[in-house]
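Enquirer: Build me a model from this:
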Amino acid sequence: MTTFPISLSANWQHTSQVSGLTATERDWLFEPHSLTAKLKSRSQNFSVKVLSEQTFDLSVEQQKLLSCTAVSALNREVILLCDDKPMVYAQSWLPDNKRQDKSYNPLLNMGERPLGDVIFQDPQLVRTDIEVACFNSEHSLQQLVSQLNLSKQNLLGRRSVFSLRDYKFLVCEVFLPGAYLYS
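Expert: Numbers count the residues shown, from 1 in each chain. Next up is the predicted model:
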């Protein structure tokens, strides 16, 4: 049984350091706009399956990435499905901002709405450079792959920090076996 949150510890690299990717892999990994919108354009039926939504302590690395002093964040783990086929495993880390009224944060209590549908509607959205990582067949993420009855393979993922006004949050997306990125 997979325990949440799934560790996404990896050798994350800035896009300038990444080499050896196919044109298709680059197209998907470096997509600057909404991955949700891109996936929707390729399928008849797009859906989000929420795996977990819990508050956890932020690691030192996450605090540094987010340039924040918050010690905890809401971790949301989902699978993005195209025509009922798992395409992307995604994690978002939404820091607990004590100064912010939670009732006004549109990113909390998302349910099965895709994060991309909310954040990319805001013209003030800012994104840091995308970082890329490879998750080998021994990575703990492969437990989820097995549970989804997908074949183990090296997986590619991306992450970046987004800012909406003064609020920063981390989004990590890993392309599952069979995702369009690998075709």
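Enquirer: and the nearest residue to residue 126 once chain neighbours are set aside, how many neighbours does it have?
Expert: Excluding the flanking residues, the one nearest residue 126 by Cβ to Cβ, 6 or more residues apart in numbering is residue 163, at 4.4 Å. Placement of C-beta: from N, CA and C, glycine included. Neighbour count for residue 163, taken as other Cβ atoms under 10 Å: 16.
Enquirer: now do residue 17
Expert: Residue neighbour count, defined by other Cβ under 10 Å, stands at 10 for residue 17.
Enquirer: Check it and give its pLDDT.
Expert: Model confidence at residue 17, expressed as pLDDT, equals 88.
Enquirer: distance of it from residue 140?
Expert: From residue 17 across to residue 140, the span is 24 Å (Cβ to Cβ, to the nearest Å).
Enquirer: in this structure, which ranges drop under the pLDDT threshold?
Expert: Residues of the chain that meet the criterion pLDDT under 70 lie in 1, 97-104.
Enquirer: make it 80
Expert: 1-4, 97-106, 108-109 (pLDDT under 80).
Enquirer: Helices of that one, start to end?
Expert: In the chain, the helices defined using DSSP state H lie at 23-29, 35-41, 60-66, 115-119, 142-147.
Enquirer: Quick one, which of those gets closest to residue 7.
Expert: Among those, helix 142-147 comes nearest to residue 7, with 10.5 Å by Cβ to Cβ.
Enquirer: buried set for the closest one?
Expert: For helix 142-147, burial by neighbour count (16 or more other Cβ atoms under 10 Å) applies to 142, 144, 145.
Enquirer: Specify which member of the residues you listed is nearest to residue 8.
Expert: Closest to residue 8 out of the buried residues of helix 142-147 is residue 144 (11.2 Å), distances taken as Cβ to Cβ.
Enquirer: Distance check, the residue nearest to that closest one when sequence neighbours are not counted against residue 142.
Expert: Nearest non-adjacent residue to residue 144, counting by Cβ to Cβ, 6+ apart: residue 2, 5.0 Å away. To residue 142, residue 2 is 10 Å away according to Cβ to Cβ.
Enquirer: Also residue 111?
Expert: 28 Å.
Enquirer: next one: residue 69
Expert: 34 Å.
Enquirer: List the contacts of the nearest residue to residue 175 once chain neighbours are set aside.
Expert: Leaving aside its sequence neighbours, residue 175 sits nearest to residue 181 (Cβ to Cβ, 6+ apart; 4.4 Å). Going by Cβ atoms under 8 Å, 6 or more residues apart in numbering, residue 181 touches 24, 25, 27, 28, 29, 156, 175.
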